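Participant: got a predicted model here, sequence first, then my questions.
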Amino acid sequence: MLKIIKLFIVVPVFSIFSAISASPGLAGEEDVLDAPCVVDGYLRAREQTMQVDAKPKDVESLMKFVAADLVYEHPRVGIKIEGAEAYRAGVTAFLGDTDDGRYQVIDYLVNGDTVAITFNREFKTMTDGQWQERVVKQLVVFEVKDGKITRIIDYW
């Protein structure tokens, strides 16, 4: 029974994140999306950049979710990218290299402004003139502050 409940909670994670409304701000402050909503928006926008017909406007949609001082880290391969502009350049460099990109969430954990998600990143890449399916299992930790992602730690 526990496994059925867990699957019920985990599978519709995007719809759960999407249903969470903006957090009420203090008097005079604009509403700021909470961490799960920000991460959900980021993943949806990131999927658009993983399509063969992705354009720079898709990267701009993605960048709305990241802070100017974003830090992206991939410890396994020793990559650390600092700043939104460097991150934008990295994403832009890969436009058109993949198709049918999507995230299949396996599990997630939210702790305040930190969201950890395990998912399968599914996409196609061109190999020997043919599109080949790929699946990469990932654990990604997102840190959010003031409605923007400030840090991404990517493990795969």
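Facilitator: Nice, I can see it. Numbers count the residues shown, from 1 in each chain.
Participant: other SSEs contacting the helix or strand that contains residue 48?
Facilitator: Assigned by DSSP states H and E, residue 48 belongs to helix 35-49. Packing contacts for helix 35-49, counted by 3 or more Cβ pairs under 8 Å, 6 or more residues apart in numbering; DSSP states H and E, involve helix 13-19, helix 56-63, strand 98-111, strand 114-127, strand 130-145, strand 148-155. For glycine as for every other residue, the C-beta is placed from the backbone atoms N, C-alpha and C.
Participant: among those, which comes closest to residue 34?
Facilitator: strand 130-145 (7.8 Å; Cβ to Cβ).
Participant: picking that back up, now mean neighbour count, distance to residue 83 and mean pLDDT too, for the helices and strands packed on helix 35-49, in a markdown table please.
Facilitator: Compiled in a markdown table, the helices and strands packed on helix 35-49 are given as follows (neighbours: other Cβ atoms under 10 Å; distance: least, Cβ to Cβ, whole Å; pLDDT from 0 to 100):
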| stretch | mean neighbour count | distance to residue 83 | mean pLDDT |
| --- | --- | --- | --- |
| helix 13-19 | 16 | 26 | 40 |
| helix 56-63 | 16 | 11 | 97 |
| strand 98-111 | 16 | 24 | 95 |
| strand 114-127 | 17 | 21 | 96 |
| strand 130-145 | 15 | 15 | 96 |
| strand 148-155 | 18 | 11 | 97 |
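Participant: that older thread, what average pLDDT does the helix holding residue 48 get?
Facilitator: What helix 35-49 shows for mean pLDDT is 96.
Participant: which residue is nearest the middle of this structure?
Facilitator: Residue closest to the mean C-alpha point of the chain, counted by Cα atoms, centre = their mean, is residue 43 at 3.3 Å.
Participant: ignoring the adjacent residues along the chain, who's closest to that one?
Facilitator: residue 103 (5.2 Å; Cβ to Cβ, 6 or more residues apart in numbering).
Participant: mind checking how far the one you found is from residue 86?
Facilitator: 23 Å (Cβ to Cβ, to the nearest Å).
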